[in-house]
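Participant: my questions are about this predicted structure, shown below with the sequence.
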Amino acid sequence: MIGNKWVRQIHRWLAIVFTVTVIVTFVVLAQEKPVIWVSYVPLLPLALLLFSGLYLFALPYATKRRGAARGR
């Protein structure tokens, strides 16, 4: 259960990082001569959010299945 707490905390911090990178991207792309590669910066935190979110989504189903298997 300690690992789940860490995953939740990491997921929260990744959400903050993702939000900041999106804001920075909007600011940079609003400049007169925008740097186009900055638009790819939010993709890394977004991918990490995807994996941690999928883990957190599947966690209740996995624990339910594990509990049902122990009860038999």
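Facilitator: Done, it's in.
Participant: and the helix or strand of the chain with the lowest mean pLDDT, what does it pack against?
Facilitator: The weakest-scoring helix or strand in the chain, judged by mean pLDDT, DSSP states H and E, is helix 43-71 (a mean of 87). Where contact means 3 or more CB pairs under 8 Å, 6 or more residues apart in numbering; DSSP states H and E, helix 43-71 is packed against helix 2-29. In short, each C-beta sits where N, CA and C put it, glycine included.
Participant: gap between the helix it packs on and the chain center?
Facilitator: Put simply, helix 2-29 sits 6 Å off its chain's centre (CA atoms, centre = their mean, to the nearest Å).
Participant: likewise stretch 45-55?
Facilitator: 4 Å.
Participant: cool, stretch 18-34 as well?
Facilitator: For stretch 18-34, the distance to the chain centre is 20 Å (CA atoms, centre = their mean).
Participant: can you list contacts of that stretch?
Facilitator: 35, 38-39, 41-42, 45-46, 49 (CB atoms under 8 Å, 6 or more residues apart in numbering).
Participant: the residue most central in space within the chain and A62: what is the separation?
Facilitator: Centroid-nearest residue in the chain: L49, 1.4 Å away (criterion: CA atoms, centre = their mean). Computed with CB to CB, to the nearest Å, the distance linking L49 and A62 is 20 Å.
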